[in-house]
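**Q** With the input below, show me the fold.
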Amino acid sequence: MLFMLIVKASKNSEAGNRPNQDLNEAMDKYNEELMKAGVRVMAKGLHPSSNGMRISFPNPGEKPVVTDGPFTETKEVIAGFILIDVKSKEEAIEWAMRMPDPQGFGEGQIELRQVFE
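**A** Okay, here's the model as predicted:
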């Protein structure tokens, strides 16, 4: 079963600030554990939303609307993701609970979602 651990953005990540060395080491260790267990498919961080855009389709059949970033609601922005392949939802939850605070300073938030296969 594929699951995505979606790391929500924070003001810090949207400012383009990279995690401190302690957090980098904790995340490296977590990613190594995922790889040793053979469950990590992919893990990537994303540039701040100021480098992105949203494409919406407000009127069916008409040209899409492009909105350039940055996006002010950080709770709606993704800072990165980890894709894991596990045997059950319970195992995915266990892995999600082991992730260090991905933003540090108590700002981190992870959304766990199953991927259609």
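**Q** CA only for contacts and neighbour counts going forward, please
**A** OK.
**Q** mind checking the longest helix of this protein?
**A** Looking across the chain with DSSP state H, the single longest helix is helix 21-36.
**Q** Only the buried residues of that one, if you could.
**A** For helix 21-36, the neighbour count (16 or more other CA atoms under 10 Å) marks 23, 27, 30, 31, 34 as buried.
**Q** Quickly note the distance from residue 76 to residue 26.
**A** Note on residue 76: its distance to residue 26, by CA to CA, to the nearest Å, is 25 Å.
**Q** For the lowest-mean-pLDDT helix or strand in the chain, output the C-alpha coordinates as CSV.
**A** Using mean pLDDT, DSSP states H and E, helix 11-14 stands out as the lowest-scoring helix or strand of the chain, at a mean of 85. Only the C-alpha atoms of helix 11-14 are listed here, as CSV (Å, rounded to 0.1, in the frame of the first residue of the first chain):
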residue,chain,number,x,y,z
LYS,A,11,6.5,30.5,7.7
ASN,A,12,10.1,29.4,8.1
SER,A,13,10.1,27.0,5.1
GLU,A,14,8.2,29.6,3.0
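**Q** Could you look up the SS state of the closest residue to residue 83 other than its chain neighbours?
**A** Of all residues not flanking residue 83 in the chain, residue 4 sits nearest, at 4.5 Å (CA to CA, 6 or more residues apart in numbering). Put simply, residue 4 is strand when judged by DSSP: H, G, I helix; E, B strand; the rest coil.
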